[in-house]
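Chemist: Only the shape, not the letters, is given here:
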């Protein structure tokens, strides 16, 4: 039954992007688009996104990137760095199809270790056998036209037990998502001054300083480290799943060199298994040495929003940056939206 | 006005400041394309980003195309490579990406090595830029509609590549006068090397001594090293467009339709299958009446051409994905199709040995044989059973 429902969901998502839209192009049925450039580009986007999705499914994330997967990611970069493809039906179909798979996969139990899901932008979900926590979960796009449909993003939120927010920027924090957690009696830990008084379960920190928060019902401890993006408070959320593993997500850590000093010694206090840094973090090498994780999974690639293409950080850029840091010998996994990876110590 | 006088020490100071600033001033003015390798941060440089992206994507596409060569059945790995290529080639500013030129020339260089290999049976088809093909059999190598593409100042196929292609061919056939099919410099290279160059009547009058003119009215058949060449009276609008049919004497019959586009010609094209038993039809993908063309020739295999003609506007650069959709929409015709891109090779066995294409290689007692209609042949074509 569950499988049938999922198939129905995927089908409905796929229907979002009809290959052919209503047109006065007399040769649309022959796939000739002379004089109909935007229609051509829609068709190309549809063909490309489907092909990319096929290949990403065939070659899921692993420590060694095989050539077909690398091309799929670079192809996705090319699509997402062509502004003609912004806010088009094929794009919505692509991202929603992939997120619908996450929604389905969240039901599959985790018996050992951690299952890490990558969502849009810097969003991650980490699931253990006892808890499912979301970090910086957002629908993307605008309120009027979100990238991820309500039924999917709120369905995902519904399957999580807690939400942690790094900072107030809308590509990381979404009040409606936070409210949906609170409405179901789930805790939201937000940075200082964000959403004060909105709901008792939405808890902005009272001070921007290192803070430990116990969540015994989930068998986790949240260690909030006081990072910054420039002058903006940016919580670095270190989530300790007792006896299973510890993950850290850096939010938009950037442009605050004072933080690098304490970040140099994070490894002395925390035994980090998986670090999820923003791919454009300042001085990545120093941060990696400071956290000394067993595995790196970068976030924040291809943020569309208002960014011009020169700052939509591509997957191939992450590959290149990590090549430069290969001497550190820390394994990394390059994931894209709607993927997951099972981590065990 | 007080005249300013500076001590030698101050002049030295100014000079040192100038020397210190100058390199930064120069680096701010020059294209910063060399300055990203340490950081890969492109903020403020979108065009450099796209050039780097192309530099990453083209070699990956090339690797994938080599790993997953053309086949009768579409492969998902290959499809991704082709649709990514479409995406890159449908950028209006593609010519600003140096990686594009490298990609095209590297693929041609790789292809040349394959042209050197013998073809023991059937026809080996090489696809070049636009409608360009090279057809090689055991006896002859024929080039059709070879053009360098791009501009005279910056062609896609470099002069040495054109020379190397011409050097390996016996003849060049030109279907029509359009610059996407006919290039005088290419023809000159062929003629310089003493190769046969066959063009439609009236083309390049000033070079007629080295050319052979062909038209359906005057020279409907020609013989080239034992290959019979038929010239059919096609048109591109009102202009002549020779449709060439090459009968490789039992190794296969190949037709190339050039830039055929004339409603009056459909009447005889509809019936052409009654006259010729065509194995391979090489025909442009972007044809409003592709179905009529295929139904008329009824070939055993169709290989489309003219995809991604970069001289065209973006909407008229026919992509591989549109070709695939278009051909899939004609599946009722039951004509197999192989989708090829620049610099690729496809081996087609001759008409009499269709089985060779599918299950041709068999091992018996550790020796390789070719199976053909229930009989065994050595790879050199000698019947053993």
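Modeler: Great, that's in hand. Just so we're clear, the structure is a prediction, and the values are computed from it rather than from any experiment.

Chemist: Let me see the ranges of the strands in the stretch 101-250 of chain B.
Modeler: Per DSSP state E, counting those that start in this stretch, the stretch 101-250 of chain B carries strands over the ranges B:123-127, B:133-136, B:141-144, B:171-173, B:196-200, B:212-214, B:221-224, B:227-236, B:239-247.

Chemist: Tell me which of those strands approaches residue A:64 most closely.
Modeler: Proximity to residue A:64 (CB to CB) singles out strand B:123-127 among those, at 32.9 Å. From N, CA and C alone the C-beta is placed, and that goes for glycine too.

Chemist: Same list as before, the strands of the stretch 101-250 of chain B that is, but in a markdown table and with distance to residue A:162, mean neighbour count and mean pLDDT included.
Modeler: A markdown table is the format used below for the strands of the stretch 101-250 of chain B (distance: least, CB to CB, whole Å; neighbours: other CB atoms under 10 Å in any protein chain shown; pLDDT from 0 to 100):
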| stretch | distance to residue A:162 | mean neighbour count | mean pLDDT |
| --- | --- | --- | --- |
| strand B:123-127 | 57 | 24 | 97 |
| strand B:133-136 | 63 | 24 | 98 |
| strand B:141-144 | 67 | 24 | 98 |
| strand B:171-173 | 72 | 25 | 98 |
| strand B:196-200 | 75 | 23 | 96 |
| strand B:212-214 | 78 | 18 | 91 |
| strand B:221-224 | 78 | 14 | 88 |
| strand B:227-236 | 68 | 20 | 94 |
| strand B:239-247 | 70 | 23 | 96 |
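
Chemist: Quick one: closest of those strands to residue A:82.
Modeler: strand B:123-127 (26.4 Å).

Chemist: Tell me where the model's unsure across chain B.
Modeler: B:1-34, B:208, B:350-385 (pLDDT under 70).

Chemist: try 50 this time
Modeler: For chain B, the stretches with pLDDT under 50 are B:1-32, B:351-352, B:354-360, B:379-381.

Chemist: residue nearest the centroid of it?
Modeler: Chain B has residue B:128 as the residue nearest its centroid, 1.8 Å off, counting by CA atoms, centre = their mean.

Chemist: Enumerate every residue touching that one.
Modeler: By CB atoms under 8 Å, 6 or more residues apart in numbering or on different chains, residue B:128 lies in contact with B:108, B:111, B:134, B:146, B:157, B:165, B:342, B:343.

Chemist: could you measure it against residue B:327, distance?
Modeler: The gap separating residue B:128 from residue B:327 is 20 Å, by CB to CB, to the nearest Å.

Chemist: so who does the closest residue to residue B:258 other than its chain neighbours touch?
Modeler: Spatial nearest neighbour of residue B:258, chain neighbours left out: residue B:175 (2.7 Å); criterion: CB to CB, 6 or more residues apart in numbering or on different chains. Residue B:175 sits next to B:131, B:144-145, B:181-182, B:200, B:234, B:241-244, B:256-259 when contact means CB under 8 Å, 6+ apart.

Chemist: gap between the two ends of stretch A:75-88?
Modeler: One end of stretch A:75-88 sits 17 Å from the other (CA to CA, to the nearest Å).

Chemist: Name the surrounding residues that touch that stretch.
Modeler: Stretch A:75-88 has contacts (CB under 8 Å, 6+ apart) with A:38, A:41-42, A:45, A:48-49, A:51-52, A:91, A:141, A:145, A:302, A:304, A:309, A:312, A:314-316, A:336, B:49-50, B:53, B:57, B:80, B:83-84, B:87-88, B:91.

Chemist: Only the buried subset of these, as a ChimeraX command please.
Modeler: In ChimeraX, a selection of the buried entries from those looks like this (16 or more other CB atoms under 10 Å in any protein chain shown):
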select /A:41,42,45,48,49,51,52,91,141,302,304,309,312,314,315,316,336 /B:49,50,53,57,80,83,84,87,88,91
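
Chemist: Which of the contacts of stretch A:75-88 fall in strands?
Modeler: Applying DSSP state E to the contacts of stretch A:75-88, no entry is found in strands.

Chemist: What about the contacts of residue B:128, which one has the most neighbours?
Modeler: Comparing these on neighbour count, residue B:146 comes out first with 28 neighbours (neighbours: other CB atoms under 10 Å in any protein chain shown).

Chemist: And that residue, its phi and psi?
Modeler: Residue B:146 has phi and psi values of phi -80, psi 120 when expressed as degrees, to the nearest 10.

Chemist: ok, it - contacts?
Modeler: Here residue B:146 is in contact with B:128, B:132, B:134, B:162, B:165, B:166, B:172, B:183, B:186 (CB under 8 Å, 6+ apart).
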